[in-house]
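> With the input below, show me the fold.
(chains A, B and C)
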Amino acid sequence: MNAVTCFHYYVVACVLFVTGLFCILSKRNIIAVLLGAELVLNGASLNFATLGVWPASMVDAAVDGQLLALFVIVLAAAEAALALGIALSFYHLHRAPDVDEARELHG
Amino acid sequence: MQQLAEALTSPFVILSAIVFLPLLGALTVAVAPRLTEEETKIFSLWITILVLILVLWLAIPGAVDGRLGSLPWDQGRVQYGFSVGWIEAFGVYYFLGLDGINFPLVLLTALLGPLAMLASFGIDRQVRAYCALFLLLHAGMLGVFISLDLFLFYVFWEVVLLPMYFLIGVWGGPRKEYAAIKFFLFTLAGSVLMLVAILLLYFYSDLRLLNEVSLRACQIDPAVLSGKRGQAVHTFNMLALAELARLPQSPFDQDFWGLPVSVWIFWLLMIGFLIKLPAVPLHTWLPDAHVEAPTPISMLLAGVLLKMGGYGILRLCYTICPDAAYQFAWPICAVALVSMVYGALAAMAQSDFKRLVAYSSVSHMGYVLLGLAAWTIVPGDPSSRHYWTMGMSGAVYQMIAHGITSAGMFFLVGVVYDRVHHRDLSQFGGLFNRMPFYSAVSLIIFFAAMGLPGLCGFIGEFFVVVASWRFYPGVAMVAASVVILTAGYILWTVARVFFGPQYRGPHPEALTDMTVREKWVAIPLAVTAVILGIYPKLLLGYFQPSVTRTVYHLATWADRHLETSTTATGPQAKPLGETKFVPSQISSAASLSQTSPGLAHPSLPHGGPARPDGSKNSSTETDGASAPSPLAEGSTVTGQRPEGVLDQAIVRPGADQPKGTGLVEGRR
Amino acid sequence: MLSIPILLTIAWLLPLGSFLAILFWAPRLGKHGSAAGLLATVAIAASFVCALAAASLWFTKYPIPSAESHHPPYGASGSQPHSQDTRLADPSARESASAPGLWTQGKAASKTQGPSQLILWNAPSDRSGSTERSSRPDQASRVSPRHELANSPTREPLGPVPLLTGDWYVLAEFGHLRLTLGYYIDTLTILMVLMVTLVATLIHIYSLGYMHEELHPEVSDQEILAGDPPQPIRRPGRFARFFQYLSLFCFSMLGLVLANNLFMIFIFWELVGICSYLLIGFYLERPQAVRAASKAFIVNRVGDFGMLVGLAAWWGAAGTFHFADSPRSLGLFSRVAQAELDHNRTGQVVSPGIREQPSGQVVNNPDYPERPVAYGLLVLGGLGVFCGCVGKSAQFPLHVWLPDAMEGPTPVSALIHAATMVAAGVYLVGRFYPAFPPEVLLVVAVVGLASLLLAGMMALAATEIKRVLAFSTISQLGLMMFALGVGGWTAGLFHLLTHAFFKALLFLGAGSVIHCVGTGDMGQMGGLVRKIPWTAGTMLVGCLAIAGAGIPPWVGLSGFHSKDAVLAQAYLLMNYIPGIGHLLFSLALIGAAMTAFYMFRLWYLVFWGRPRSLDQLHHAHESPPVMVVPLVVLSVFAIIAGWRLPGLGWGIAPALEQARPISFISGQWWPWWVVPPEAESHQDSIHVVVSWLAFTAAAVGFVLATLFYGTGLFRLPSGVGVLNGLVLLLQRRFFIDELYQRLFVAPALHLASWAALIDRKIIDNLAEKLAAAVVAVANSGDLLDRKVVDGSLVGLGQGIYGLGRQLRQVQTGLLRQYLLAVVVGTIVIFVLVQFL
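Numbers count the residues shown, from 1 in each chain, chains lettered A, B, ... in the order given. Next up, the predicted model:
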């Protein structure tokens, strides 16, 4: 069996990123959009972590990757709080969790 | 007290008065509120009479015993002028002056002013505006003739245009707007070309080339030269420009777009003046302007405005561009002949009395142009220039004679028009018995216009026709044939208007004889026509010295620049009689050497017309009063290289090749 | 003391004085101007007296030699030029030769007069026959017969020709060119002034009676009917104005005769023309009179055009108009003389330059090189001057105005169109004779002969009395021109002077006939001899004189002598130029015969036979004495004018001999035409033959006239077509008027209307089109402004606005679409980066 190399991690990170992205783009419900956002963040932090372990050729091994992953997790938490706040006010404003309701800024 | 008299008779006061008195009159008339119509007319009449008195006072030689001493009209120089700085920065001077050429025309304008004003007592609409514009026009006309500075000349030229436009446009006949705008645009087009020529003259002129004597003769104070180091000192002064043109290396011979500047200047000025003259292709404004203008205005238009063209040609074109005058003698003569014949023929076909008189003016002014343009100077033959003096004197005389006869004719048409309000020649007749005095005066004026000897029209006509023979016999023959056409249309008009059993038109009862006011206008004109016919020396005495001097300078130019080969090149085709020079006989060989004035040509002490010892050609002429005083030649001092050398250098290219280029290469 | 020039000047200025007096004080001159007539008559009479005094002074000073032999030595063939020998020696010598007299130098513009110069032209005294012509190499061989004649005994020493000349007043001066008014007095001038003043005085007296009805304040002119019931129009009387114009005419005519240069002649030439215009158009109510007046003046002006060209030619070539020399410059005659002499020397006709030494010496000016005067210029100058004469003397091409000029009152026709003005042309040819080259003289002869024959034929068929006389004037003037053309200077001018008398007599007679019969149409006359015997008698004398009646070799009426002299010269021509000479002489004889025929035809039609209209006859009455006396006086002159006082040898012909120049320019173009010297025509042999031939011609004419019109034996067969056609042709004056109308007048008017059309149609609408073009440019400029400049900016704005509008659709407000755009953009960038 072959060892789990950085490539596999990349793939998982990519999958996470893409499904998150797709979830954001396709879901009309605001909560789903937020979920998608979370997935994207996780994918990114996974990527950071793997890069921390298998740094790119030019950078010698360093802990930046893992540090950044932690940073992303903290950031994600703040972002989730904020996002849920927005979602609540969005819900109050539009009476419906549908993201498409917010058309006021259309051209 | 003597001081005051001296100051009062100084040229500055008198000449400015002549020009600006009518202007002040115009202002007072325009501004003064309480004047009734009658008073305004009387007031402006008195203004014009005052100007006439001033001019007549100058006319009497010896009358002005002020600073300038009596006016020695036989000197042929500027007798009575002054030059005061106006815009010194650009060399523009308020330079007014009287000399032989412009004084008779000033006299004519001053005479016609009061007569026209007297004739305008019939005007009833907006009299105040009419009088103001009339006086402004009068001032402009006097200014044009008196000013000797090109800038000032152009200003007055435009000042004349404005009032004339309004006078025709407001008080005119049915098609007055069309006529006024046509007149205005035609003349304006001409003056635009003149402006270009004036600027060319200005920027190519350089006072440093003139010596001390000639500068002072042109009333320019030499200090002006000291100011600018190195650059050229430009000038608008007509006399200085004429002096410059006479220099062996005249600044106007330089090249400008392939042609010498003098050719450009000549044609630009000539077209402007031909429109004003009017010569045939550019004349159609005249009949319309005359037919629509009120009587007094068409008197002035025909009497004076047409002469501004002729005066300009004589004063500017022929003194400043002698080589172009020589080169283009033929085209100008052709235009003159066409104007004469065409004007007479067109007059014959008119049914409107005023239009007929207008076309007769075109024909008469053709004579003036022919007199000026017929170049009879043959380099080897000093006697040939007398013919051109005769031709030019005839032209200037014709200008004044035509001024009187055409003003008279227009007034007479006006007299009849005021009574019966129509000008259709086929509806007149039998005036001789109804208006005997009117008919008598009209016969005198019409026969004067026909060129009957003993009246003023004949003198100018005869001189021009007879003098043009030496230019080319064919020209004299065509000019002489116009005599028949003129007799044709004048007699036809006299027969239709004055003779015949009875009057065929409307309002026969209105045909009363002349009123006293009308007599006061007609009699002076008739009397002047007779006097000028019997005693031409009255006028010749004034302008002949200046004309002789102009022709003298043209002759010296011709001697210097034209080869005295056996067959003179250029337009001077041999008259029928002179197949070739006689190389034999000592005289012609002797005359060959004398005519090209070598360095021996002295510059004369200022003032006295001492006999030039060097060139023999003028010493033996006992022309009596008309001895030319080649004062202030000023031509040789600057030329470092001896003249003789220059002559050889001048390669005389064929007549067709532009003359200037040859000269230019020679010099560089 | 009163010298001759002063006397003649007074004689000249008196009529001007009366003209001005009448002009200014006409209304106050007697009732309706009657005193004006007296004033004018007194003035002209006084000038006649002055002329008489001047003549007597002249003939006492320079008597006509009373040599018994038929040829007075004075100027037998006196020649203007100086003999060849004096000429060559030294110009100043010539000066001495002609220096005895003094020169009047009229100071500029002042009338003061010094003593006048008597220029005595010396001519070669040696009779070696070395006249210039024969000595010329190329001439001598061809003209051999003349050579012997030249040496025949009859050639007399050439006496000096007395000549008084001077300037009164300088009109204008340009260097050496001078235009002056002055006098040129020789016997020709004296005789002409005498003739003009005498005839004018008689005619003034005559017109006091003739113009009587003009005195009434209200005159009704029968000829013009106007108004609805057509009755003759009424107009104010114009008695004073008639005499005013007559005085002006006399002044101008005398000025013309006295002139000493061509310029002065030209001035009075036109003044005389304007006087004839005013007098022909005297009845200005009659349209045909006004047309005739305008026609007369314009045809004269055509002649003057030619003269002006001639003057310009002379002025251009010689630089002076003066006939005689003056201290300042050579006169025309001496220039031409010297040109001719130089021609002999250098084979090149050269006009001398002008030298004016202050000392008054007349020498050539070295500065003005002698210019070759082409022979053509001499001919052109001569032809130009002659063209003026043709116009004034109504010769062939320009004769159309004289018959119409009969519209004027009869005294006018008598004075102007018979005796004086029309004679001015012949006078000028006589005066300018030395400067005429033979070619020009040939033209003169031919034109004269043409006028003689044409006018004679037209006179045959004329029906109106004054038209017949007008045609006879044209033909007699043609005879004079012919005489001058063939060298008969004295003959031509002798005929001019005698013709003035009997033609004035005939016209005045016709006037009194019209006065008493009321109309001029000969058809209504006939048998008047009993009613108006005096007029008939005097007119008979006139007819006899003009026909040349007399006892052949010795004595006859004035016409006989003068016509005989003319025909003698023509006869002489025969043996100079055999072929053409015979033709010319025979044509002249035919002319003489025609003259006799139509004059007696006139006389018979008017006075003889049965009266054709009775009412005219019974109220016809003889004219008042004031009209008959001039007739009688004139008839006396018509008889004695030609005679020669046996004792003293005085007479018109010898007097004229004294002033006879010869034309000495030798022909270059047509050497065959040699002008025979007149002296040879004075031989008795010629006179006897010629007088008999002339007498027979006149007799033939007389007999024919009496047969046709006197006794009525022969009647013109009216049926014959060809004859009627011929009569019609003559009555319509060969349709020359219509020809000129179609040839000159109509095209001129057409050209005129065409010129006016050009103005309106071409130049004006060219100007209008130019103006329209400028307006169009202005409009297009405005259009340009609005469309292009504004358009582009507005367009730009709208474009951007449109673009903005499309872009707005992109902003759907849907957040998810934006994210999608971001994702797609990132992917595209990654892809591009891969590939670029």
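> Nearest spatial neighbour of the most centrally placed residue in chain B, chain-adjacent residues omitted?
Nearest to the geometric centre of chain B sits residue B:311, at 2.2 Å (Cα atoms, centre = their mean). Nearest residue to residue B:311, sequence neighbours excluded (Cβ to Cβ, 6 or more residues apart in numbering or on different chains): residue B:105, at 5.6 Å. Bear in mind the C-beta positions are built from the backbone N, C-alpha and C, glycine included.
> Might one say that that neighbour is in contact with residue B:402?
No - using Cβ atoms under 8 Å, residue B:105 is not in contact with residue B:402; the gap is 11.7 Å.
> Which residue of those two possesses the greater neighbour count?
Legend: neighbour count by other Cβ atoms under 10 Å in any protein chain shown for residue B:105 and residue B:402, higher for residue B:402 (30 against 26).
> how close does the more buried one sit to residue C:233?
Using Cβ to Cβ, to the nearest Å, one gets 37 Å for the distance from residue B:402 to residue C:233.
> Please apply the same query to residue B:264.
For residue B:264, the distance to residue C:233 - Cβ to Cβ - is 65 Å.
> Same question for residue C:10.
On the measure of Cβ to Cβ, residue C:10 and residue C:233 end up 42 Å apart.
> again, but for residue A:31
Counting by Cβ to Cβ, the gap from residue A:31 to residue C:233 is 129 Å.
> Of those two, which one has the most company?
Just comparing residue A:31 and residue C:233: by other Cβ under 10 Å the higher neighbour count belongs to residue C:233, 19 against 14.
> Break down the stretch 501-650 of chain C into its strands, ranges please.
C:550-551, C:555-556 (DSSP state E, counting those that start in this stretch).
> oh sorry, the question was meant for chain C
C:117-118, C:164-174, C:177-185, C:218-226, C:231-236, C:350-351, C:355-356, C:362-363, C:371-372, C:550-551, C:555-556 (DSSP state E).
> Show me what the second one is packed against.
Pointing back at strand C:164-174 there. helix B:384-420, helix B:456-467, helix B:537-561, helix C:4-25, strand C:117-118, strand C:177-185 (3 or more Cβ pairs under 8 Å, 6 or more residues apart in numbering or on different chains; DSSP states H and E).
> And the average pLDDT for the fifth one is what?
Which is strand C:117-118. Strand C:117-118 carries an average pLDDT of 32.
> What of stretch C:448-456?
pLDDT averaged over stretch C:448-456 gives 93.
> Distance from the chain centre to that stretch, please.
Mean-position distance between stretch C:448-456 and its chain equals 17 Å (Cα atoms, centre = their mean, to the nearest Å).
> Equivalent analysis for stretch C:560-568, please.
On Cα atoms, centre = their mean, the centre of stretch C:560-568 falls 24 Å from that of its chain.
> Could you give the average pLDDT over it?
90.
> likewise stretch B:387-402?
93.
> list the buried ones in stretch C:546-562?
C:546-550, C:552, C:556-562 (16 or more other Cβ atoms under 10 Å in any protein chain shown).
> And stretch C:218-234, by the same measure?
Quick answer for stretch C:218-234 (16+ other Cβ under 10 Å): C:219, C:224, C:233.
> got it, and stretch C:533-540?
C:534, C:535, C:536, C:537, C:538, C:539, C:540.
> and those residues as a markdown table, adding distance to residue B:248 and pLDDT?
Shown next, in a markdown table, are the buried residues of stretch C:533-540 (distance: Cβ to Cβ, whole Å; pLDDT from 0 to 100):
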| residue | distance to residue B:248 | pLDDT |
| --- | --- | --- |
| C:534 | 85 | 89 |
| C:535 | 82 | 90 |
| C:536 | 85 | 90 |
| C:537 | 85 | 91 |
| C:538 | 80 | 92 |
| C:539 | 80 | 92 |
| C:540 | 83 | 92 |
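> Closest one of these to chain B?
Of all the buried residues of stretch C:533-540, residue C:535 has the smallest distance to chain B: 31.9 Å, by Cβ to the nearest Cβ.
> burial of the nearest residue to the closest one once chain neighbours are set aside, as a residue count?
Sequence neighbours aside, residue C:512 is the residue nearest to residue C:535 in space, at 4.7 Å (criterion: Cβ to Cβ, 6+ apart). Burial of residue C:512 is recorded as 26 neighbouring residues (other Cβ under 10 Å).
> thought residue C:512 was touching residue C:624?
No - judged on Cβ under 8 Å, residue C:512 makes no contact with residue C:624 at a distance of 9.1 Å.
> I'd assumed residue A:38 was in a helix, is it?
Yes - looking at residue A:38 with DSSP: H, G, I helix; E, B strand; the rest coil, it is inside a helix.
> Give me the distance between it and residue A:72.
11 Å.
> which of these two has more neighbours?
Using other Cβ under 10 Å, the more surrounded residue of residue A:38 and residue A:72 is residue A:72, with 20 against 16.
> Quick one: list the elements packing against the host helix or strand of the more buried one.
Taking DSSP states H and E as the criterion, residue A:72 maps to helix A:64-94. If contacts are counted by 3+ Cβ pairs under 8 Å, 6+ apart, helix A:64-94 sits against helix A:30-53.
> Flag every buried residue along the helix it packs on.
Buried, per 16+ other Cβ under 10 Å, within helix A:30-53: A:30, A:33-52.
> Excluding chain neighbours, give the residue nearest to residue B:187 in space.
residue B:161 (5.7 Å).
> what about that neighbour, neighbour count?
17.
> check contacts around it.
When contacts are counted by Cβ atoms under 8 Å, 6 or more residues apart in numbering or on different chains, residue B:161 touches B:184, B:187, B:188, B:191.
> So it versus chain A, what's the distance?
64 Å (Cβ to the nearest Cβ, to the nearest Å).
> go on, residue B:461?
91 Å.
> Not counting sequence-adjacent ones, nearest residue to that residue?
residue B:451 (4.5 Å).
> Touching, that neighbour and residue B:458? I think so.
Yes - with contacts counted by Cβ under 8 Å, residue B:451 reaches residue B:458, the gap being 4.8 Å.
> count of residues packed around the residue nearest to residue C:598 when sequence neighbours are not counted?
Of all residues not flanking residue C:598 in the chain, residue C:459 sits nearest, at 4.2 Å (Cβ to Cβ, 6+ apart). Burial of residue C:459 is recorded as 26 neighbouring residues (other Cβ under 10 Å).
> again with residue C:775
10.
> Kindly report the same for the one 3 residues further on.
Other residues near residue C:778 number 10, with proximity taken as other Cβ under 10 Å.
> re earlier: can you give me every residue that contacts the residue nearest to residue B:461?
The contact partners of residue B:451, by Cβ under 8 Å, 6+ apart, come to B:457, B:458, B:461, B:462, B:483, B:486.
> returning to what we had before: out of the buried residues of stretch C:218-234, which one sits closest to residue C:640?
Using Cβ to Cβ, residue C:219 is the member of those that lies nearest residue C:640, at 39.3 Å.
> bridging residues for that closest one?
Counting by DSSP bridges, residue C:219 is bridged to residue C:235.
> can you pull the pLDDT of it?
82.
> Residue C:232 is in contact with that one, correct?
No - judged on Cβ under 8 Å, residue C:219 makes no contact with residue C:232 at a distance of 9.4 Å.
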